[in-house]
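[1] what's the 3D shape of this:
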Amino acid sequence: MAVAEVNEAVLQAVEEHALTPQAIEQVVRLSERDDVTDHQDKLAREGKDVGKRIARLVAAIETGGDAVSLIAKLRELEARRQAINVEGASLHPVPRLEPAILEDRLANGGGCCGSPRHRAVRCSSESFEAG
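    Modelled structure (predicted):
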């Protein structure tokens, strides 16, 4: 079997299974969920840490510590806690293309590289060359 025939068979198999609108939609959904969830988890951990630090500073102020420096640090941590809350509330996944648009682009070979089959090969090779 010639190399060109093997390449064509591999590309056709990839196109049939990996470049379907359903497969692409699933990858997009999984990556969105992971990105937002990961960032929310990070913010939650940081928020919990900031909350503990604020509690320790308040306790130090109550026991008669250096009030000026403790209050300055307390204000800094309270500002960070507020920023964490705002950032957490503003997290949204990247907007997705409507399924009909995605299907149309795949069917009509839209995008920078032409048909889905050629796009897979060219974009992959361009990525390797650029990196």
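
[2] mean confidence score for stretch 100-109?
    Across stretch 100-109, the average pLDDT comes to 70.

[3] what about the nearest residue to Pro99 once chain neighbours are set aside, how many neighbours?
    Computed as CB to CB, 6 or more residues apart in numbering, the closest residue to Pro99 that is not its neighbour in sequence is Pro21, at 5.9 Å. Backbone N, C-alpha and C define where each C-beta goes, glycine included. Residues lying near Pro21 (other CB atoms under 10 Å) number 17.

[4] I'd say Pro21 and Asp104 touch.
    No. Look at Pro21 against Asp104 with CB atoms under 8 Å: they stay out of range, at 9.3 Å.

[5] Following element in sequence after the longest helix along the chain, please.
    The residue-count maximum for a helix in the chain (DSSP state H) belongs to helix 21-62. Per DSSP states H and E, helix 21-62 leads on to helix 67-89 as the next helix or strand towards the C-terminus.

[6] And that next one, what does it pack against?
    Contact here means 3 or more CB pairs under 8 Å, 6 or more residues apart in numbering; DSSP states H and E; on that basis helix 67-89 packs against helix 21-62.

[7] could you give the angle of the helix it packs on to helix 67-89?
    Here helix 21-62 runs at an angle of 160 degrees relative to helix 67-89 (axes from the mean of the first three to the mean of the last three CA atoms, to 10 degrees).

[8] Could you pull up phi and psi at Ser90?
    phi -100, psi 0 (degrees, to the nearest 10).

[9] ah, wrong one, I meant Val3
    Here is the backbone geometry of Val3 (degrees, to the nearest 10): phi -60, psi -40.

[10] let's number from 28 now, not from 1
    With 28 as the first residue, the last one maps to Val30.

[11] okay, now it: neighbour count?
    By other CB under 10 Å, the residues close to Val30 number 7.

[12] which non-adjacent residue is nearest the most centrally placed residue in the chain?
    Centroid-nearest residue in the chain: Asp62, 3.3 Å away (criterion: CA atoms, centre = their mean). Distances taken as CB to CB, 6+ apart put Pro120 closest to Asp62, at 7.0 Å, once the chain neighbours are dropped.
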